[in-house]
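> model this:
(chains A, B, C and D)
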4 protein chains.
Amino acid sequence: MERMDLVIKNGSVVFSGGTRMANLAIHQGKVAAIMQPGFIPDAVRVIDATGKHVLPGMVDPESHAGHSFPLDLDFQTESPAAAASGVTTWGIQDPSPRMGTKPFKKEVEPSDVVSFHDVMEIGIKTGQENCIIDFFFTPQLETDQQAEETIEYAEKYGVTSYKFYCHAKNPKIAAKLWYVYRSGLAAGFDDGVVFKTMENVAKIAPPGIVSIHPENFEIVRVFSQRLMDAGRKDMEAWTDRSPDFVEAHHIRQYAYLAKITKCPLYIQHTTTAESLFAIRKAKEEGIEIYAQSNPVYLCLPKGTWKLNPPLRDRETMEILWEALKKGEIDALGSDHVVAHGSRAEMEVPGDVWKTTSGFPSRVEMMLPLMLDEGVNKGRISLERLVEVMCEAPARIFGIYPRKGTLQVGSDGDVVIVDLKRRVTVKNEMIHSRAKWTIIEGRELTGWPVMTIRRGEVLMEWPEGEPKSRILACGKGEYIRRRPGSRFLY
Amino acid sequence: MERMDLVIKNGSVVFSGGTRMANLAIHQGKVAAIMQPGFIPDAVRVIDATGKHVLPGMVDPESHAGHSFPLDLDFQTESPAAAASGVTTWGIQDPSPRMGTKPFKKEVEPSDVVSFHDVMEIGIKTGQENCIIDFFFTPQLETDQQAEETIEYAEKYGVTSYKFYCHAKNPKIAAKLWYVYRSGLAAGFDDGVVFKTMENVAKIAPPGIVSIHPENFEIVRVFSQRLMDAGRKDMEAWTDRSPDFVEAHHIRQYAYLAKITKCPLYIQHTTTAESLFAIRKAKEEGIEIYAQSNPVYLCLPKGTWKLNPPLRDRETMEILWEALKKGEIDALGSDHVVAHGSRAEMEVPGDVWKTTSGFPSRVEMMLPLMLDEGVNKGRISLERLVEVMCEAPARIFGIYPRKGTLQVGSDGDVVIVDLKRRVTVKNEMIHSRAKWTIIEGRELTGWPVMTIRRGEVLMEWPEGEPKSRILACGKGEYIRRRPGSRFLY
Amino acid sequence: MERMDLVIKNGSVVFSGGTRMANLAIHQGKVAAIMQPGFIPDAVRVIDATGKHVLPGMVDPESHAGHSFPLDLDFQTESPAAAASGVTTWGIQDPSPRMGTKPFKKEVEPSDVVSFHDVMEIGIKTGQENCIIDFFFTPQLETDQQAEETIEYAEKYGVTSYKFYCHAKNPKIAAKLWYVYRSGLAAGFDDGVVFKTMENVAKIAPPGIVSIHPENFEIVRVFSQRLMDAGRKDMEAWTDRSPDFVEAHHIRQYAYLAKITKCPLYIQHTTTAESLFAIRKAKEEGIEIYAQSNPVYLCLPKGTWKLNPPLRDRETMEILWEALKKGEIDALGSDHVVAHGSRAEMEVPGDVWKTTSGFPSRVEMMLPLMLDEGVNKGRISLERLVEVMCEAPARIFGIYPRKGTLQVGSDGDVVIVDLKRRVTVKNEMIHSRAKWTIIEGRELTGWPVMTIRRGEVLMEWPEGEPKSRILACGKGEYIRRRPGSRFLY
Amino acid sequence: MERMDLVIKNGSVVFSGGTRMANLAIHQGKVAAIMQPGFIPDAVRVIDATGKHVLPGMVDPESHAGHSFPLDLDFQTESPAAAASGVTTWGIQDPSPRMGTKPFKKEVEPSDVVSFHDVMEIGIKTGQENCIIDFFFTPQLETDQQAEETIEYAEKYGVTSYKFYCHAKNPKIAAKLWYVYRSGLAAGFDDGVVFKTMENVAKIAPPGIVSIHPENFEIVRVFSQRLMDAGRKDMEAWTDRSPDFVEAHHIRQYAYLAKITKCPLYIQHTTTAESLFAIRKAKEEGIEIYAQSNPVYLCLPKGTWKLNPPLRDRETMEILWEALKKGEIDALGSDHVVAHGSRAEMEVPGDVWKTTSGFPSRVEMMLPLMLDEGVNKGRISLERLVEVMCEAPARIFGIYPRKGTLQVGSDGDVVIVDLKRRVTVKNEMIHSRAKWTIIEGRELTGWPVMTIRRGEVLMEWPEGEPKSRILACGKGEYIRRRPGSRFLY
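Residues are numbered from 1 along each chain as shown, chains lettered A, B, ... in the order given. Take a look at the predicted model:
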C-alpha cells in the first residue's frame, strides 16, 4: 500500500453513529482509511491522539464575513479565528454588496443591490485568495431579479441555498433602530420575492433550501418605541423589544409559503419555545423545515449583549438544549460578524440603544462553549454535537458527505478535541480582528487542540501554551454544490 | 499490520451518507478497515465486488419465527431464507408461548401466556443453537405481570423493545375470523397493560420502544360481517374489511398514551395515507414516533392475498413510496411468518375467509423486491434503502452501530448486491420451509448475491446458477441491548 | 283578543339575546304573547315578577332516574326535586334494564340487556304516569342489536340521542371498583357497537347525536390499584385515580370515529383542560362536537365526594368556568342519580373505596349553584346561563324551540328567579328521596322561586318560607323528536 | 292596552330558532309584541303578511359608501338600494378620507389619511342627513395614530370595529394593478399598526373586533405579471392572479397576532376552502375568529367580473355553501361599492386589466340571490339565512339584540319576503346610481316585498309591479355601540 500523508492514531473517533477508538488516515486531502486499533498504515506524519477525541471539521453554515469590513480582510482575519474553533467549512451569508466588490461601502443604498451574476465570481476569488478554510455562499436576496436568477446561480456557481433577512424586509423601518444599511441590505423585499425564490429553489431541492432570519421588525419597532418611551436603556430591553411571537410570526408565515411551493425551509435562528411550536405545526402540514440555533442562544442569557435576534432568558435556554438533544433543533451556526476592534468601540455603557449590536468572536467561542456547556455538562452527547455542528449543516446545505463526516473519501477535515482541558477565556486568546470576547474570564472545560483541513494542520494548541497557534498553510477551496443532488462527493 | 480475515475490494460501498468505491476489511468478525481504492490490506480471503454494491447486512426488525412451527424448527428453516435476502440480524416478535417452550401448542389458551422470565432463556438458547443469523427479541406482551416486569427483562436479558398486537386485544373477537390463538396470543390485554408498559419503557429509552400493530378489530368485525353477509369471498374483501381509519384509530389512541408517558412509539405497520396523517399529528404534539412499513405494502396490491393488516390499492402504494422517500416512513420489516409448506395447504380458491392468511417467504423476497421496485425503478436511492432497511431499524431497536452500518468496529455484516442481475422468481428458489412465493413468475432486477455475517459467508449466488446457496457456517448470536444507551458497540 | 290563561308581568325576561323588561303570556300551554312593558293582555291569572328574572324552564339533558330505584319511584320523588331547581324538561339516560320494567333488579346481568323495542313503551308510559315534568330518553346502548335498531327507535319513538357509558365498556373491569351492574349496565360494548351507532345516527342528524361518558377504565384500574396499594383512602384518591388524560383519551378516540362517520358527538362530561384541548383539536378536523359539563365540576373541588368522572382541583374549576363563558363548553347537565336515602347509608367515613359514589340531589342544587357561583359571582352572565342550561341542550337534543327558549309558540315553561334571595342550604329543603345534600350549610344567593311547566305552576317558594313547595299538577309529557329535523315545534 | 303603531299579521315569522305563524306589533319604532295567531292587538296600521315570511331587517356589515362618490351622494342613492334588498342597518367600512369630508378627492395621497377624530362627526352627520337606513362605522385604519386612538374612538363615538384592507398594505404595489388610491387608501400600514390596534380592541371586546380583508398583494403582483406576460386578458385571469393561498396566507398570519393579543378577528372575505382550513386551525389554537363571505362568492363563478378578492370556481362555491350551512361561515356582507353609472363606463371588453373592478349593485341583489340560490334551492334554511344575514352580523358588530332579531324591545326592523315570487332581473329595477347589475336576465325566485325600518315602511313592492318602490320616510340613525358590552338594547 502507498504511504499515507497523515495518520491520526489512537484517538476516539466520533461518528454520528457512536464513538470508537480508531486510526484515521488522510491522503491527498481525503480520508483514505479508517481502521480499528491495531491497524496503522505507514504514513509521512503520525499524530498521536491518545486521550483525545477526533471529530469531523465543523461546518459553520452562517457567517457574515464581509459585513462590516471588506470581504478579503474579513477572510484574512476571521477565517483563522474560525479554524481556531475547529471550523473547516464556512457558509457565508451575504447580500450582493458584501461579496467583495471594491471599494467597500460602509453603508449601502438600494442601487448597490445588484445581480449576483455581477459579484459571485468576485466572492469566490476573494475567498480562494484569502480564506484559509473551505467555503460556500448563501446569498441574501432582496430583488425580483435575484429571485428569478436563482436557478442560474445554482447552475453556474453551484449555489443552492438562499437567505432572506426578514428583519430587514423593510429597511426603512429597520434602519431607525439598527444599522441595517451597514449589513449591505438596502433594497428590502416583499413576499413576492420570497415566493419566486421558493418556487425556484424547490426545483433544485435537495439540496435547494431557503433560509430565513425570522423576526418581524414591524412589530419590534412598536416594542422598541415603548421601551424607549419608558426610559429603558438596559441590555435586557433589547430582548424585551423582540418577544417570542415576533420570531414565530415569521416562521409561520414563511412556512406556509414553503408548503405552497414545496420548498425546504431553514430557520436561521430558533431562539424560543414558541418557535419550536411553530416548527412542529409546520411539520404536521408536511413541510420540510429545519431549525438552526446558535451556541450563543444556548449559552448566554438575556442582558449579556444586544444581538438580532436577542438573547433569551435562562428557562428558554434550557428548552433549547432539550430541543437540541431531542432533534427539534437540527443544526447550529455561529452568525459570526466582526464590526469593530474593541469592546470600547462598540459599547456605550448603560445605553443599549447606542451600543453597537452583535458582539464579535462568535465563531471562535462556538466549539469551546458547546463542549463545556453541552457535552461536559451532560446536556448533549459528543455524537449529537457532531450531528448538529458537522453532519446536519453539511447535509442541509448540500455538501455532505464531502464535508461533515469522517467517511472514507470525505475531505480530510478533522478537529481534535481535548475534553478535559480546562482554560479560562482571555481576550488575548482571540485570533479575530476584534480582540475581545464577551465570555472573557469564563472557565471552559473542553477545547479543540488541533484543526486539520484536507490533511493540512491549520491550528494546533499544545498543552500548556496560552493560546492556539494558526499555522501557515494553503488556501480554502470554494465548494460548488450540485443542484438536485442529495450527496456531494 | 496484521493480516485481515477478509477483504471485499472494488465494490461500491453504500453508506447512509452516500455511495463510494472503497475496500472493506473484516477481521475477527468486525469491520476492521475501510479504505479508499488503491489501499488494500493483506487478507486471508479477498472477494472482488467489482461492479457490485456492498451494503450493511439487513436488519429485519419483524419476524415471527416460532409462530406456527416450533421456534427451533423455524430458526432452522427460515433463518437461511432470511440470509438469502441479505438479512443478518433478526428481530423476533413473539408472545410468551412462542419462545421455544416444548411441547409446541398449535393453539394456545390464556393460561399459556406466562412471564417472560419463564421463557426468555429458552428463546435465547433456541436461537443460539438454531438460527444462522444474529437475533434479538421484541416480546409481544399481554398481561399486567409482563408489563410490570419489562424493566427486569431489560436489565436481565437486554430486551428494550416490546410489542402489542392490538388486533388481538380482545382475542375472543379476533378468533372468530382469524386464527389468533395460533399466533400464540390468548390472554388479550387492555389499555392499562399498554400504559404500564409505556411508563416502564420510557425509563429505558433510548433505546426503549413500544411497538404496536394498529388495527381495531372491534371495527374490523363489523366490516367482515357485512362483507360476508353480502356474499363477498374475493381476496379484495380482506382489504375492504379493514379500512384505513381502523389502522389510524389505534395509532391515534396509542400515540396519545405515548405522549402522556413520554414513551417512544413504533408503528409496526403503516399502510395508508390516513396513518401517515395521524403520525404527523402525533409529532406535532411532540411525540417520538416511528413508522415502519413492509415491502409487501409497497409492492403488492390489494387482492394479491390476505394479510393483517391487509394489502392496499395501487394509489396508496405510491403514497407509501413517497413517504418512504421523504422520511415519513422510517423503517421496513418483513413480518415473516411461515404457516404451511405449500400454497395448496393455505388457499381455498375463491374463498378468502377460508384461505389461511399471511403468505410465506416474505423475508426472502424483501430485498429483491425493494431493489427492483424501489431502487431500479427510481423510487428511492440505494442510500435510502440502507437507511430504512439497515440503519434505522438498528438505531430504533438499540443495536446501532454494532448493526445497521458499515463503520469500523461494527459487526462485519455485509450483503453484496448485483443491481443488474435479472431473474424470474421461481418457487424452486425458495429456501423457506414454505416452498412457494406469491410473486412466482415475476421478473426482478437487482439481487443479493452474497451475505456475510460477522465475516462469515452465509449465502452466495454465483452468476448463472438457478438459485442462491446457503453455506455451512457458525451460529447466530443473541444481541443483548443496553437500557438507557443510545449506542451499542 | 281571547283571554290568556296566565300572564307573568313586569319581570326581566332573559332571552339568549339579552335581558329585557317584558310581559309574558301563556295560553293553552304555549307562550302566546311577549310584550313590552305597558302592554298586558287580559288573563285568568297574573303573576307579578317585579324585581325578578323570568327564564325559560331548564332543560337538564342528563338524569339517571331509574338507576338505583325503579323508574316509577324515581320519577315520583325526583321529578319534583328537578322542578324545585327550575327544570321543566328531563333527558333520561338509561340502559335498557332501567327503563321501568318490573321487577326492578338491583344488579343486572348481560341477559337483562335487551332491545329497546322491549322497553321503550314502558319507559314512556312510566314517565307519563309518574314524572311531573316533560321528558325524553337518551338510551344507553351496549349491544349490536341496539346499535342496529337505532334508526327504528328514531322513527318509532322519536329517539334521536344515544349514549355510551365508556367507563363501563368492559363491565368486568369496572365492577371491581365500582358498582357498574347497579347502573343497569352489564353487557359491555366494543368500538364496533359505537361505530354502527354513529353510522346510523349520522343519518338522522340533526338532531341525531351520540353522547359519550369518556373515561378509560382500563387505565383507571391501574391508578386505583396503585392508590389502594399505597394505602390511600381519602376522598381525593378518587380524583387521583382518574387523571385528566383518561378522559381526553376517550374523547380523542371517539371524536375520530365521529369524524369518520360524520356523526355529531356529545361529550357528556368535560371536566379538564386536557379535554377542552382534545375538543378543539377535534373541531379543527371538522368534527361536530359538543361539550357538556356539570355544575358540580364547576362548583365543588376534589375531595368533596366520589363521583364518575371525579371532581377536579380548584384551578381546573376556574378553567371550566372560563370555557363555559367563552363557549368551549356548550351545555350543562345534572347527572342526577339517587341511590340512598341518607348520607350515612352511603358514606364509610375515611374510606373512599367503601363509600358509595355519586352524591344525590345534584339536580336540585344545579340552578342555585349556578346562580350563586356563576351569575352572582360574575363568572357568567344570566344570558349565558340560559344558553347553556336551556337553549343549547334543547338545540343539541332536538327539542328546540319547543323547549329551551321563550318564544311565541314555545311551550310555556318558565322559571322565575330571585337573584337576590339569600338562603343557607339545609337538608330539610331537599325534595328528593335522598334527604341530604353535599352542600348543606353553604349560603347561596340567587334562587328559583317559581317553576311553570306548560303554564302550570309546579313549584313556588314564597319569600320567607323555609323551602319551596311542590304543587299538585298534571303530568309530564313525553317529547317525541323528529329525526332529520333541526327544529321541533 | 295602548294602540300599536303597526301590526304585521298572519306572516310566518323567522326567528333564528325556527319559523312560526305569529303576529308582530311595532310601536314607537320598537317591536312591542309578538303574539300567537289569534291574538292581534289593536293597531293604527295592519299589514297582512299571509303567505309571506317576516324576517328581521338585514344587517349588512360591509358597505363602502363614499368610496368613489362623496359619502352624502352615496348615502342618497345607495341606501335606498340597500333598503330594496331588505337591509335596514349598514356597516360602513371607510378609510378616513372617505368619511364625508369635502371636497371629495378622487385619488388620495398619504397626507389625506387623518385621525378619525377629524372626520367621525362629519361621517355621522352625513349619514344622519342622507342615509335612509340605520348605520354604524368600521373605520379602515392605516396609521399608528389611528391605531393608538381606537379606544378613544370607542368611547367617544361608540366605534368598536376596525378594519385592515391588507390588500393595500403597501399601496405602491397595489396601485400598479388596481386603483387603490381611489378607495381612499394611501398611507399603507405595517404589522405594527395591526398589532397596536388588536391590543387596544381586545380591551373593548366584546364587541371589539378587528376585521381584515386577507389578500397578499405582494404575491398577487407576481401572478398578475405572469398572466399579463402570457397575454391573458380574460376575466378568469383575475381569479388566477389571486390563488387561494394568497387569502389564507393573511388569515394565518393575522390570526396568529389575534392569538397573541387575544383580540377577536373577523375575516372579511372567506372565499376558498384553504381559508376555511386556516380558520379551523386558528380555532384549534383558541382564537376567537369569525368568517364572513359574500353572496357573490356563493352565487357567481369566476369569469363573471373582476373583484377583490376574486370570484372562485363552481366547486369552491359549493364548498362555501356547505360551510355556510354547517356554521364555518358565520356571516354575509355585500361589499357594496358603486364606482360608475353604467357598465360601459367600467368595462373594456376583452381586457380584464383595463376593466374597472367591482361590479355595482351588490347590496341590491344580495337578498334575492340568497333566497333563490340558498333557500329555494335547498342549500340553507330560511332560519340559517336569518342567522348569517341578521343575527350574526349584529352580534359580532355589537348591535344585537337591538338589531338582527325580532325580539320584543328590538328595533322594529322587518323585511317581508315572498318566497314564491318569480322575477327576471332587469337593469331597470335597480335603485342604485349604477343602473345595471351583473345578473341581468337571471330569473330569481324569492324576493323581499317590503322593508320596514323602526316601524316605517321604506320599500314596498306590490305584486305585479315591475319593481319595488322606495317610499318617502325619515332618516337613518347612527348606531352607537357600547365598548365592553355584549348586548346593545
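
> which parts of stretch A:6-24 are buried?
A:6-24 (16 or more other C-beta atoms under 10 Å in any protein chain shown). In this view, the C-beta of every residue, glycine as well, is placed from N, C-alpha and C.

> can you narrow those to ones near chain B?
A:13, A:15, A:17-22 (C-beta under 8 Å from any C-beta of the partner chain).

> What ranges in chain A fall below the confidence cut-off?
A:1 (pLDDT under 70).

> In the stretch 201-350 of chain A, which residue sits nearest chain C?
Chain C sits closest to residue A:284 of the stretch 201-350 of chain A, with a gap of 10.6 Å, by C-beta to the nearest C-beta.

> now swap in the stretch 1-150 of chain A and tell me
Counting by C-beta to the nearest C-beta, the stretch 1-150 of chain A gets nearest chain C through residue A:147, at 33.6 Å.

> In contact with residue A:403, which residues?
By C-beta atoms under 8 Å, 6 or more residues apart in numbering or on different chains, residue A:403 lies in contact with A:56-57, A:59, A:88-89, A:134, A:390, A:394, A:410-411, A:413, A:479, A:488.

> Pull up the gap between the residue nearest to the residue of the stretch 201-350 of chain A closest to chain C when sequence neighbours are not counted and residue D:255, please.
Distance criterion C-beta to C-beta, 6 or more residues apart in numbering or on different chains; nearest residue to residue A:284, sequence neighbours excluded, is residue B:284 at 3.6 Å. Separation of residue B:284 from residue D:255 (C-beta to C-beta, to the nearest Å): 17 Å.

> With residue A:308 instead?
26 Å.

> What about the buried residues of stretch A:6-24, which are in strands?
A:6-15, A:18-24 (DSSP state E).

> Residue of the stretch 151-300 of chain A nearest chain B, please.
residue A:284 (3.6 Å).

> number of nearby residues for that residue?
The tally of other residues near residue A:284 (other C-beta atoms under 10 Å in any protein chain shown) stands at 17.

> Need phi/psi at residue A:395.
Backbone torsions for residue A:395, taken as degrees, to the nearest 10, come to phi -60, psi -50.

> Excluding sequence neighbours, find me the nearest residue to it.
Using C-beta to C-beta, 6+ apart, the closest residue to residue A:395 is residue A:404 (6.7 Å).

> Close to chain B: what parts of the stretch 301-450 of chain A are there?
So far as C-beta under 8 Å from any C-beta goes, the stretch 301-450 of chain A lies against chain B at A:326, A:381, A:383, A:391, A:395, A:400-401, A:405, A:407-409.

> could you redo the last one with a cut-off of 7 Å?
A:400-401, A:405, A:407-409 (C-beta under 7 Å from any C-beta of the partner chain).

> follow-up on the earlier one: who wins for neighbours among the contacts of residue A:403?
Busiest of the contacts of residue A:403 [other C-beta under 10 Å] is residue A:413, holding 34 neighbours.

> how far away is the closest residue to it other than its chain neighbours from residue A:20?
Of all residues not flanking residue A:413 in the chain, residue A:57 sits nearest, at 3.1 Å (C-beta to C-beta, 6+ apart). The gap separating residue A:57 from residue A:20 is 19 Å, by C-beta to C-beta.

> returning to that earlier point: just confirm the residue of the stretch 151-300 of chain A closest to chain B contacts residue B:278, I think it does.
No: with contacts counted by C-beta atoms under 7 Å, residue A:284 stays clear of residue B:278, the gap being 10.6 Å.

> Pull the number of nearby residues for residue A:414.
Neighbour number of residue A:414 under other C-beta under 10 Å is 29.

> Next: residue A:82.
Residue A:82, neighbours per other C-beta under 10 Å, totals 34.

> Next: residue A:3.
11.

> Now do the residue nearest to it when sequence neighbours are not counted against residue A:13, distance only.
The spatial neighbour of residue A:3 that comes closest, neighbours along the chain excluded (C-beta to C-beta, 6+ apart), is residue A:42 at 5.0 Å. Distance, residue A:42 to residue A:13, by C-beta to C-beta: 20 Å.

> Repeat that for residue A:116.
39 Å.

> residues in contact with the longest helix along chain A?
Ranked by residue count and defined by DSSP state H, the top helix of chain A is helix A:244-261. Residues from elsewhere that reach helix A:244-261, judged by C-beta atoms under 7 Å, 6 or more residues apart in numbering or on different chains: A:166, A:194-195, A:198-199, A:202, A:212, A:214-216, A:219-220, A:265, A:267, A:271-272, A:274-275, A:278-279, A:282, A:285, A:287, A:289, A:309, D:245, D:249, D:252-253, D:256, D:260.

> What's opposite residue A:488 in the beta bridge?
Listed beta-bridge partners, residue A:488: residue A:401 (assigned using DSSP bridges).

> right, and it touches residue A:482 too?
Yes: counting by C-beta under 7 Å, residue A:488 touches residue A:482, with 5.8 Å between them.

> Wasn't the residue of the stretch 1-150 of chain A closest to chain C part of a strand?
No: read with DSSP: H, G, I helix; E, B strand; the rest coil, residue A:147 is helix and lies in no strand.
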